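> okay, sequence plus prediction incoming.
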Amino acid sequence: MKKTISILIILTLALSLAACGAASDKNAAQDVTEYAAQSSTALSEDADTADAQTGVTLPQDNRKIILNATIEMETEAFADTCAALEKAVKAAGGYISSTTASQLGTEYDRDASYELRVPTKKYSDLISSISGAGTVVRKSESTEDVTAQYVDVEARLKSLKLQEERLYAMMEQAGELETLLAIQNQLTEVQYQIESYTSQQRTYDDLIDYATVNVYITEVNRVTQQPKTFSERIGSAFTSSWYNFGEWCKDFAVGAVSILPALIAILVIAIISVFISLGIHNKNVTKKQKAAKGLYSSPAAPTSYSPLYSQEKAEQPVQKQSTDNEKGE
């Protein structure tokens with residue numbers, strides 16, 4: 001905005017100098033000068049209006065509202081729910097802007113997400129149809145009033161288009177090349193701003209005319225219940241506890257089976273390790289016992305057929321007899 005004002009001021013000075021040197025362009029220069037002053041005032045007013053969220057009286061019976069909704073659903077029939085959802089969107093005159101789906105390959109483990117765009121007039125009908133396609137566990141809706149922003153964009157576009165028309169008219173009257181180039185530069189800047197604000201307006205129109213509904217679908221084998229009374233809550237808690245226990249047992253059995261080969265391998269390795277350890281232990285004990293027997297065992301007694309034993313036995317009576325003879329003497 002400030003850049004535009006600066007360009008207009010420069011343009012005014014340039015045209016004023018040109019007017020001193022060329023009398024034929026006097027009228028065009030005066031027109032550009034007046035237009036620059038008017039444009040500066042208009043643009044300044046537009047800026048002030050934007051800061052105050054437009055001083056224009058906003059319409060009260062035709063407000064610009066953006067509708068958004070998010071719905072989370074559970075279903076035991078995943079394919080049927082998805083088909084019903086797509087049918088409901090088509091019946092409401094809307095379309096699916098994006099969708100994602102995933103399946104991990106196990107039972108009751110599929111999910112999908114949809115971004116739906118539906119005409120605002122059919123928004124309530126679509127919400128009702130979606131609610132009947134499955135079990136809604138969570139729903140949130142929001143509205144955004146963009147009337148002030150929309151009116152501001154409209155006012156700026158109107159002002160810029162008026163400037164564009166006047167610049168085209170001034171180009172037809174310009175005689176000097178310098179003046180023509182200055183007007184052309186200003187026209188390029190104005191056209192750029194027109195494109196920018198037009199894009200914003202189209203975005204607002206799309207969001208206002210078509211509501212956005214995000215739907216998340218999860219496949220389950222047991223839909224979550226929403227008890228209301230105290231007795232219903234007690235009953236739901238009791239049945240849920242048994243159901244969760246059963247699911248835990250199933251998960252435990254599946255987990256046990258999945259790790260069974262590893263457990264068998266570990267058990268075989270453990271048994272082999274025990275046998276090896278026992279064999280080594282018994283061998284060490286045997287060696288220690290043999291060593292202990294060799295250290296503490298007494299010398300063996302001589303046998304009857306030993307020459308030493310026979311000699312000692314033969315010498316004993318002689319020794320005894322000589323002893324008796326000595327006593328007699």
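That came through, no problem.

> give me the next element, helix or strand, following whichever helix or strand residue 159 is part of.
Assigned by DSSP states H and E, residue 159 falls within helix 147-173. Per DSSP H and E, the first helix or strand lying C-terminal to helix 147-173 is helix 177-209.

> then the helix or strand just after that next one to CSV, C-alphas only?
Using DSSP H and E, the helix or strand that follows helix 177-209 in sequence is strand 210-219. C-alpha atoms of strand 210-219 as CSV (Å, rounded to 0.1, in the frame of the first residue of the first chain):
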residue,chain,number,x,y,z
TYR,A,210,-19.3,-25.8,0.6
ALA,A,211,-19.0,-27.0,4.2
THR,A,212,-16.1,-29.2,5.1
VAL,A,213,-16.8,-32.5,7.0
ASN,A,214,-14.0,-34.7,8.2
VAL,A,215,-15.0,-38.3,9.0
TYR,A,216,-12.8,-41.0,10.7
ILE,A,217,-14.1,-44.6,10.6
THR,A,218,-12.6,-47.4,12.7
GLU,A,219,-13.5,-51.1,12.4
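
> quick check, residue 160 in contact with residue 193.
Yes - using Cβ atoms under 8 Å, residue 160 is in contact with residue 193, at 5.4 Å. Placement of C-beta: from N, CA and C, glycine included.

> picking that back up, tell me what the helix holding residue 159 is packed against?
Counting by 3 or more Cβ pairs under 8 Å, 6 or more residues apart in numbering; DSSP states H and E, the packing neighbours recorded for helix 147-173 are helix 26-51, helix 177-209.

> quick check: mean pLDDT across that helix?
Throughout helix 147-173, pLDDT has a mean value of 93.

> buried residues of that helix, list them for me.
Neighbour-count burial for helix 147-173 flags 147-153, 155-157, 159-160, 163-164, 166-167, 170 (criterion: 16 or more other Cβ atoms under 10 Å).

> so, low pLDDT: which residues of the stretch 151-300 of the chain?
Scanning the stretch 151-300 of the chain for pLDDT under 70 picks out 224-240, 242-248, 250, 285, 287-300.
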